[in-house]
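Asker: Okay, predicted coordinates and the sequence, questions at the end:
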Amino acid sequence: MRHAAAGDLSRHGRRSGVAALALIAATVVALAACATVDLGPSAASSAAPTAAAVTNTPDATPRSEPLHPTANATYAAQGRWFSPITDDAPFVQKGEALIYADRDQGKTTASGEMYDPLALTAAHARLPVPSYARVTNLRNGKSVIVRINDRGAFERESAIELSSAAAARLELRDRGGEVEVVHLTRDDMARMAPRATPAPTMAPPEAPIATASTPTPQPIAAPPVESAPPVPVAVPALPPSVVAPPTSQAETTALATLPATAAATALTTSAANAAAPTLPAPTAGQSAAAAALAARASSAATAGAAAAGPGLGRWSVQVGVFAIADNAEAVRKHIASLLAERAADLPLSDRTPQLERRGTMTAVLVGSLADRNGAETLADRLRSALRQDVVLVQH
């Protein structure tokens, strides 16, 4: 009996120990489950963009950015060499689209930025970093604009590696799909830029409407003002070749004391100015009258020389016009050398270039002919000899 009671007690003790161990294990499992719940979502689930986040993510805004100083050099990856594009040339590529893995979140890209699965970015083997591209899903026609900020898609059949948000916008599955990649050049960006909306024009204010209580004032006509009729003054013109006699005894005496040439000039000038009002003869005597006639003769001679000088109505061939006088002189010497070699049969005056100042400019001219036909003939000859175009000028 004692032995039996002792055996029963021993079995009871073992059952109690097993039950205690089971209770402890259950408590540990329950605590572990609570700890898992309190930790929140896993990193993998937080990396995947939600539908709402993808819908609210706008396309990347293309803009001209400076190239990264080191991400556009020639490099090797997976046994292949790649030479990135560094100009603004168009680029189109078709191939398979890869998708960044969730574990890539937070990794450093080729541009030095951190990979963000919710940003519309992509990696490409050759496109400039940074740059922009339009990616189109060839199965459903959906497209998205992404910013290239990393290197990737090194397989021969791969075209681009997209962020999770970009792949979701294109409705690509985990394995990607066939896409078309188009590099956006500066011209493409300019066409895509929104145009400024012109400011609305303001309508002119309406004129006030006159009412019966507010009479409209009428303008009062001013009385006509009588003016004196103009007095015509007859100024007959005499040809300069007509020689008029002296108008006074003083002028006659003064002309007798002048040299023959000056006296003839003074008489011609007196005839040209005969229509002007006659001034009273000077009272200072013969010397004053002679001096006045001499001054009139000198003034008329100067005006006549300026109006009928040797260059009036002459035609020349203009080779060029230069702002720097030294350049004009160099061209003049070069033209003279060419004409001496290729047009030696021309008269010396028609193959000797001259310089003519025109304000701040210097013209190179050839020839000085009285008629336009002769100047055109010379111009044709110079075009053939100089093998360049020339123009006619009258001076």
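Answerer: It's in. Note that this is a predicted model, so its numbers are computed, not measured. Residues are numbered from 1 along each chain as shown.

Asker: For whichever strand or helix holds Ala133, give the mean pLDDT please.
Answerer: Element membership for Ala133 (DSSP states H and E) is strand 131-137. Averaging pLDDT along strand 131-137 gives 97.

Asker: Starting from it, tell me which strands it pairs with and how they run.
Answerer: strand 143-150 (antiparallel), strand 177-183 (antiparallel) (DSSP bridges).

Asker: who touches the last one?
Answerer: So that's strand 177-183. 85, 89-97, 124, 127, 131-139, 159-160, 170, 172 (Cβ atoms under 8 Å, 6 or more residues apart in numbering). (C-beta placed from N, C-alpha, C; glycine too.)

Asker: coming back round to it: from the strands paired with strand 131-137, which stretch is densest packed?
Answerer: Stretch with highest mean neighbour count among those: strand 143-150 (a mean of 24; mean count of other Cβ atoms under 10 Å).

Asker: what's it in contact with?
Answerer: So strand 143-150 is contacted by 59-60, 62, 109-111, 113, 115, 119-124, 127-137, 160-163, 166, 169-170, 184 (Cβ under 8 Å, 6+ apart).

Asker: Buried ones among the residues you listed?
Answerer: Buried by 16 or more other Cβ atoms under 10 Å: 59-60, 62, 109-111, 115, 119-124, 127-137, 160-163, 166, 169-170, 184, out of those.

Asker: Can you give me the domain boundaries for this protein?
Answerer: When the chain is parsed with automatic domain parsing, its domains come out as 52-189, 315-394.

Asker: most packed of those?
Answerer: Scoring those by mean neighbour count under mean count of other Cβ under 10 Å gives domain 52-189 as the most buried, with a mean of 17.

Asker: out of the buried ones among the contacts of strand 143-150, which are inside strands?
Answerer: 121-123, 131-137, 160-162 (DSSP state E).

Asker: I'd like these laid out as CSV, including distance to Asp326.
Answerer: Output for those, formatted as CSV (distance: Cβ to Cβ, whole Å):
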residue, distance to Asp326
Thr121, 59
Ala122, 59
Ala123, 59
Ser131, 49
Tyr132, 51
Ala133, 54
Arg134, 55
Val135, 60
Thr136, 61
Asn137, 66
Ile160, 60
Glu161, 62
Leu162, 64
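
Asker: Of all pairs in these, which one is the farthest apart?
Answerer: The largest separation in those, counting by Cβ to Cβ, is between Ser131 and Asn137 at 20.3 Å.

Asker: Pass me the low-pLDDT residue ranges in the stretch 201-350 of the chain, would you?
Answerer: 201-312 (pLDDT under 70).

Asker: again, 50 this time
Answerer: Filtered on pLDDT under 50, the stretch 201-350 of the chain yields the residue ranges 231, 233-247, 250-282, 286, 294, 297-311.

Asker: does Glu155 count as helix, strand or coil?
Answerer: At Glu155 the chain is in coil, as set by DSSP: H, G, I helix; E, B strand; the rest coil.

Asker: Next: Ile335.
Answerer: Ile335 is classified as helix under three-state DSSP.
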